[in-house]
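J.: Show me the folded form of this:
(one chain, ligands or ions: 1)
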Amino acid sequence: MSILLTGGTGFIGSHTAVELIESGYDVIIADNLSNSSASVIDRIEQITGIRPVFYKIDVSDKAALQNLFAEQDIDAVIHFAGFKAVGESVEKPLEYYRNNLDTTLTLLEVMEQFDVHQFVFSSSATVYGSENPYPYTETMKKGSCSNPYGWTKSMIEQILGDAAVANSNLSVVLLRYFNPIGAHESGLIGEDPQGIPNNLMPFISQVAVGKRPKLTIFGDDYDTPDGTCRRDYLHVVDLADAHVKALEYASEHKGVEIFNIGTGTPYSVLEIVHAFEKSNSVAVPYEIGARRDGDLPEFWADAEKAKTMLGWEAKRSLEDMCRDSWNWQKKNPNGYRE
Ligand code: WQD
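T.: Residues are numbered from 1 along each chain as shown. Next up, the predicted model:
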C-alpha cells in the first residue's frame, strides 16, 4: 500500500514515515520544506534502508498535487502539512487560515478526483478548548480555541466531517494529539524548531546543550499539585505508531472516527525539568516567570478509546522521552543545519 504523507519531513511526519516503512508500507512524501529540511529524506533512508519518494511541492498547488496523484498510485493520505506555531498564528491569522484550510481543501478535492478515500488527519487536543473538564474524552463537544492555529484544526475537523457526510465512501480518522516530545532512538530525526523554540521540550534541550542560558517556566501559581501547568506528554514514536493503527482502521471503516492520542497521565513542567535532569545527568537551569497567555492550567487524555478500538497505547516512559530528546539534541546541536 502506498501512503501519501503531506508534511512528511516535519517532526511527526518524519517519525511516522519511519514507522510506516518499517511496517511494510510504501511512503510518498509531499512537503514544501517551509519549516523542514530535505536532509530528513536521507535520514529516513539511513534508519530504514528505504528512501521514500519525495515531492517538493506545496499541497495547496492543485496542479502539482494532481501530478503527484497521477504519477503515484496512492491508497491513503495522512495530512500533517500545516502551520503550527500558536503565537505566530495570533499575529498572522489570515496566513494561518489560508494555508491550513487551503491545503486541506485542495487535498480533499484531488483525492476525490483520483478516488482516494482514506484520510488520517493530524488534529490536536487544542480543539477541546477551555470549557471541557479533563481528562478529555472524544464524546465531548469541541470548545473555543484560544488562537487561530487551534481554530484551523477545529475547522478542518468540521470540513472533514461534512465531506464524509456527502461522500459515503470517505473514511476519516481524526487523531487528536496531546504533547508529543522525544525523538527516534537513533538520534537521526527529531524536532528542529527554527529560532527560539515555543514548545517546552526543545527549549529544555537547548538549555541543557548550552544554546540558551535558562528556561523560563511560565507560571508556578496555577491550581495544580506543584503550581506549574500539567500536560499529557507522549513519545513521538508512540504517536507515529498510532498513525499506522489509524491507517489500518481507516481501511476497514467508513465515516469519521476521532481518537485521542496521549498517555492519559499528566506531568507538570517542573516534573519534566527534573525528569530530564535525572534521565540525562545534565543540569537545566530555570527561573519562574509570568504565565503565558492562553495556557490552560492542565489537561490530559482519556486514552481508552484508542486502546480498545485501535489497539494502540503509548509504550514509552517519560524517561525514554527525555533520553531520546537529549540524544537527538546532542547529536544535532543545530538540528538539520550543518
Ligand atoms: C507545555 C507547557 C507551558 C515553554 C502547544 C499547542 C498545541 C500543540 C503543542 C502543536 C506549558 C510550559 C513552555 C517554555 C514553559 N501544538 N512552557 N516554558 O502549550 O501544551 O501546546 O504545543 O503544534 O496545540 O497549544 O505545549 O510545549 O508550548 O508547553 O514553562 O519555555 O510548558 O506553559 O505549560 P502546549 P508547550
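J.: List the contacts of the longest helix seen in the chain.
T.: Longest helix in the chain, counting residues (DSSP state H): helix 93-113. Contact with helix 93-113 is made by 6, 58-62, 65-66, 69, 77, 79, 81-83, 88-89, 117, 119, 121, 148-149, 151-153, 155-156, 159-160, 163, 167, as judged by Cβ atoms under 8 Å, 6 or more residues apart in numbering. For the C-beta atoms, the positions are set from N, CA and C on the backbone; glycine is no exception.
J.: Kindly state the beta-bridge partners for the residue nearest to residue 216 when sequence neighbours are not counted.
T.: Of all residues not flanking residue 216 in the chain, residue 289 sits nearest, at 4.0 Å (Cβ to Cβ, 6 or more residues apart in numbering). Per DSSP bridges, the residues bridged to residue 289 are residue 218.
J.: measure the residue in the stretch 201-338 of the chain that the ligand sits nearest to to residue 132 for me?
T.: Going by Cβ to the nearest ligand atom, the ligand is nearest to residue 229 of the stretch 201-338 of the chain, at 3.0 Å. Residue 229 sits 16 Å away from residue 132, going by Cβ to Cβ, to the nearest Å.
J.: for the record, mean pLDDT for the helix or strand hosting residue 153?
T.: For residue 153, the host element (DSSP states H and E) is helix 148-166. This predicted structure assigns helix 148-166 an average pLDDT of 98.
J.: tell me the contacts of the residue sitting furthest away from the middle of the chain?
T.: Most distant from the centre of the chain: residue 221, at 28.6 Å, with distances by Cα atoms, centre = their mean. The contact partners of residue 221, by Cβ under 8 Å, 6+ apart, come to 227, 291.
J.: Recalculate using a threshold of 6 Å.
T.: residue 227 (Cβ atoms under 6 Å, 6 or more residues apart in numbering).
J.: What separation do you get for it and residue 231?
T.: Counting by Cβ to Cβ, the gap from residue 221 to residue 231 is 17 Å.
J.: before we move on, the earlier item: now the angle between helix 93-113 and the helix holding residue 153, please.
T.: Orientation note: helix 148-166 sits at an angle of 20 degrees relative to helix 93-113 (axes from the mean of the first three to the mean of the last three Cα atoms, to 10 degrees).
J.: The following helix or strand past helix 148-166 and the ligand in contact?
T.: The element immediately downstream of helix 148-166 (helix or strand, assigned by DSSP H and E) is strand 171-177. No - Strand 171-177 is not in contact with the ligand by Cβ under 6 Å from any ligand atom; minimum separation 7.2 Å.
J.: Many thanks, I have nothing further to ask.
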